[in-house]
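J.: below: sequence and its predicted model.
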Amino acid sequence: MSTDKEGHSGSILVVDDDAGLAVTLKEILSREGYHVDVALSASEAMALQAGNPRISLALVDLIMPVTDGLALSDELRRVNPDITVVIMTGYGTIQTAVDAIKRGAEDYITKPFDYEAVRKKVARLMEVVELRERVAQLETNLERHPCFENLISVSPAMERVLERARRTADTDAAVLILGETGTGKEMLARAIHAASARSRKPFVGVNSGALPRELVESELFGFRRGAFTGAYADAPGIFAAASGGTVFLDEIGEMPKDVQVKLLRVLQEHEVRPVGGTKAVPVDVRLISATNRNLSELRSGLLREDLYFRIATVILQVPPLRARPEDVLVLAQNFAGRLSRRYGRDIALVRPALELLLSYSFPGNVRELESILESCAAVSADNPQTITDKDIRTLLGDDVRPANVAPAMEQAVSIEKMERLTIQQALRLSEGNRSKAASLLGISRDTLYRKLRQYHVS
C-alpha cells in the first residue's frame, strides 16, 4: 500500500465550482500530508478519477452547474463503489443531509467552513479508508498465499521454490532446504510451518553448528537432573518442547556423527531418550532441516546416508540473489517501504542506485541487501530521503563486481527491460489484478499505471 509524506494512503478529490474555495481546501489538506486533486466541474472530476485510481475520498459541492453534487456522487461511486463521498453545502438543512446520505454519501459539511472541523472530519474518514485498505490487502495475501506473504519474489526461479513449498506444507514430509547464507531459509521454514496443520503448535529452531559439541545431544533431546555437572533440573529438550509442531535444524551438516545416529533413531521411533534418563519420551514433530552446504558435500561425508534419506524427503533449493536479478528490484523497493514506515519518512532509491545493486553479486544475499539499505537509512535524517549510488557504493567498498547472472540473463539487460520483465511477472502472479501486482512490487498503483504506460504493458 502506497503512502504519502505523512503516511496517508490514497488521495482526495475536491469538487467545487468556486475555484478559490477549492484551492484553499487543497492547501489545508495538503499540509496534512494528503495528495489532493481539484476539479471545478463534474466532467473534470470524472476525468481526474479515471486518471487516478488512488482517489478514495471525494469532497463534492452540492450545487454546481450542469451536474449537481448528488448526481456526481452517484457517478463517482458507479466507477469506484469503495470511494467515500462527503457533500459540501451552503444549504445545511437536515433534509439536504438526509438526501445526501440516502444517496450514499458518508457525511456532509456546511459552508462557510470551519476548517479545523473539516480537517478533523477528513482525518477520521481517511483513517477508515486506510484501515479498509489494510484489511483488504491482508485478505488478498491470505487468499493468494497464506503464510508466504513475507517471502517477496517475482522471479520464476524463486516462485517455483515457493510453489513447491506451498504444496509441501500440506504434508508431514521431512524437508531439506538448501541455500547460501542469507537467502531466507529459516523464513521459508517458518512459512511452511505456519501453512501446515501444525501451525498452532510450536516452531522450535536451533543452529546445529552454533551448539557446543558436548551440548548438542542434551539441547536436542533434553536431560535429567544430575545427568552432568550443572544439570540441576530436568529439561525437555527441543524435540519434546516442539511436540505436535515443527523442529527446524539449521546447518544440519555440522551435526556430529554420534548425534546423527541418535537423531535417526528419534525420526524412526518417534521418541527421545533424555541424557541421563532411562525411559523414552514419545514425540510427534515434523522436521525441517537447512544447510548452506551443497548436496554433494552432504551426501559425500557430512551426513550419514541413512539420515540423509530420512531428512530429505522433499528438497527445496533456494537460489542465491545473484541468480534472480528480478528480485533485486522488488526486494529493494519493499525494504525501502519498510524502512519508510519504521523511520516515519519517505525513503526511496534513485535509478543509478538500483543499477548499482543490479551489478553487484550479493555474497550475503537478501540479508546483505536489507543490511545495505538499512545502513543508508540509519545514518540519514533527510525527509524525504533519496538513497543514491554513492551512498550504496561506500557500503560495498572496492569489491564491486558484475553479478554472475542466471542463464536467462547472460546478455546485458537494461534496467528498463528488467523493470518491464518484473512488472510482467508480478501481473502474472497476481492473475492480472493490478492492485495486487502493485502491492507485490512494493509500489503505489499510480506508479504501476505509469510504468505500464511507459513500457506499453497491457
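T.: Received it, and whenever you're ready, just let me know what you need.
J.: can you list the weak-confidence ranges in this structure?
T.: Flagging of the chain using pLDDT under 70 yields the residue ranges 1-9, 91-94, 97, 131-147, 149, 397-418, 442, 458.
J.: now the strands for it?
T.: Assigned by DSSP state E, the strands in the chain fall at 11-15, 35-39, 55-61, 84-89, 107-110, 175-178, 203-207, 246-250, 271-272, 281-282, 286-291, 314-317, 347-349, 385-387.
J.: make a markdown table out of those and add mean neighbour count.
T.: C-beta here means a position set from N, CA and C on the backbone, and glycine is covered the same way. Below are these laid out as a markdown table (neighbours: other CB atoms under 10 Å):
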| stretch | mean neighbour count |
| --- | --- |
| strand 11-15 | 25 |
| strand 35-39 | 21 |
| strand 55-61 | 25 |
| strand 84-89 | 23 |
| strand 107-110 | 18 |
| strand 175-178 | 24 |
| strand 203-207 | 18 |
| strand 246-250 | 24 |
| strand 271-272 | 21 |
| strand 281-282 | 13 |
| strand 286-291 | 26 |
| strand 314-317 | 16 |
| strand 347-349 | 21 |
| strand 385-387 | 19 |
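J.: can I get those in JSON lines including distance to residue 101?
T.: Shown next, in JSON lines, are those (distance: least, CB to CB, whole Å):
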{"stretch": "strand 11-15", "distance to residue 101": "18"}
{"stretch": "strand 35-39", "distance to residue 101": "22"}
{"stretch": "strand 55-61", "distance to residue 101": "13"}
{"stretch": "strand 84-89", "distance to residue 101": "8"}
{"stretch": "strand 107-110", "distance to residue 101": "7"}
{"stretch": "strand 175-178", "distance to residue 101": "55"}
{"stretch": "strand 203-207", "distance to residue 101": "49"}
{"stretch": "strand 246-250", "distance to residue 101": "52"}
{"stretch": "strand 271-272", "distance to residue 101": "65"}
{"stretch": "strand 281-282", "distance to residue 101": "63"}
{"stretch": "strand 286-291", "distance to residue 101": "54"}
{"stretch": "strand 314-317", "distance to residue 101": "54"}
{"stretch": "strand 347-349", "distance to residue 101": "40"}
{"stretch": "strand 385-387", "distance to residue 101": "43"}
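J.: quick one: which of those strands is nearest residue 451?
T.: strand 347-349 (14.6 Å; CB to CB).
J.: sheet-wise, list the partners of the closest one with their directions.
T.: strand 385-387 (parallel) (DSSP bridges).
J.: can you tell me the centre-most residue of this protein?
T.: In the chain, the C-alpha nearest the mean C-alpha coordinate belongs to residue 150, at 4.4 Å (CA atoms, centre = their mean).
J.: excluding its backbone neighbours, what's nearest that one?
T.: Spatial nearest neighbour of residue 150, chain neighbours left out: residue 187 (6.5 Å); criterion: CB to CB, 6 or more residues apart in numbering.
J.: so how far is residue 234 from the nearest residue to residue 266 once chain neighbours are set aside?
T.: Spatial nearest neighbour of residue 266, excluding adjacent residues (CB to CB, 6+ apart): residue 272 at 5.3 Å. Using CB to CB, to the nearest Å, residue 272 is found at 13 Å from residue 234.
J.: list residues touching both of the two?
T.: residue 222 (CB atoms under 8 Å, 6 or more residues apart in numbering).
J.: what bridges to residue 60?
T.: Bridge pairing for residue 60 - DSSP bridges - gives residue 15, residue 87.
J.: so what's it up against?
T.: For residue 60, the contacting residues are 15-16, 45, 69, 72-73, 76, 85-88, by CB under 8 Å, 6+ apart.
J.: repeat that for 10 Å
T.: By CB atoms under 10 Å, 6 or more residues apart in numbering, the contact set of residue 60 is 13-16, 39, 42, 45, 68-73, 76, 85-89, 100, 105, 108.
J.: residue 208 too?
T.: Counting by CB under 10 Å, 6+ apart, residue 208 makes contact with 216, 219-220, 249-256, 259-260, 263, 289-291.
J.: one more pass at 8 Å, please.
T.: By CB under 8 Å, 6+ apart, the residues touching residue 208 are 216, 249-255.
J.: these into a markdown table, with extra columns for distance to residue 379?
T.: Converted to a markdown table, those look like this (distance: CB to CB, whole Å):
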| residue | distance to residue 379 |
| --- | --- |
| 216 | 40 |
| 249 | 37 |
| 250 | 31 |
| 251 | 32 |
| 252 | 38 |
| 253 | 37 |
| 254 | 35 |
| 255 | 40 |
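J.: now the buried members of those.
T.: Using 16 or more other CB atoms under 10 Å as the burial test, these include 216, 249-255 as buried.
J.: mind checking which of those are in helices?
T.: Using DSSP state H, residue 216 are the members of the buried ones among the contacts of residue 208 that sit in helices.
J.: and the buried ones among the contacts of residue 208, which is closest to residue 56?
T.: Closest approach to residue 56 among the buried ones among the contacts of residue 208 (CB to CB): residue 250, at 43.8 Å.
J.: who's residue 315 bridged to?
T.: Going by DSSP bridges, residue 315 is paired in beta bridges with residue 176.
J.: my read: it touches residue 174, true?
T.: No. Taking contacts as CB atoms under 8 Å, residue 315 lies outside contact range of residue 174: 10.1 Å.
J.: now the nearest residue to residue 156 once chain neighbours are set aside: how far from residue 456?
T.: Spatially, and ignoring its direct neighbours in sequence, residue 156 is nearest to residue 425 (7.0 Å; CB to CB, 6+ apart). Taking CB to CB as the criterion, residue 425 is separated from residue 456 by 16 Å.
J.: between these two, which one's more packed in?
T.: Neighbours per residue (other CB atoms under 10 Å) separate residue 425 from residue 456, with residue 425 holding more: 21 against 7.
J.: so the more buried one touches residue 326, yeah?
T.: Yes. With contact defined as CB under 8 Å, residue 425 counts as touching residue 326 (6.4 Å).
J.: find residues that contact each of these two.
T.: Both residue 425 and residue 326 are contacted by 154-155, under the criterion CB under 8 Å, 6+ apart.
J.: give me the neighbour count for the residue nearest to residue 150.
T.: By the criterion of other CB under 10 Å, residue 187 has 14 neighbours.
J.: related to what we said a few turns ago, how about the contacts made by the residue nearest to residue 266?
T.: Residue 272 touches 220-222, 237, 239-240, 266, 280-281, 283, counting by CB under 8 Å, 6+ apart.
J.: now with 10 Å?
T.: Residue 272 touches 217, 220-222, 236-240, 243, 262-263, 265-266, 280-283, 285, counting by CB under 10 Å, 6+ apart.
J.: equivalent analysis for residue 117, please.
T.: Counting by CB under 10 Å, 6+ apart, residue 117 touches 109-110.
J.: how near is it to residue 99?
T.: Distance from residue 117 to residue 99, counting by CB to CB: 21 Å.
J.: and what of residue 229?
T.: Distance, residue 229 to residue 99, by CB to CB: 84 Å.
J.: which one among the contacts of residue 208 gets closest to residue 123?
T.: Nearest to residue 123 among those, counting by CB to CB, is residue 250 at 46.3 Å.
J.: quickly list what that closest one is bridged to.
T.: residue 207.
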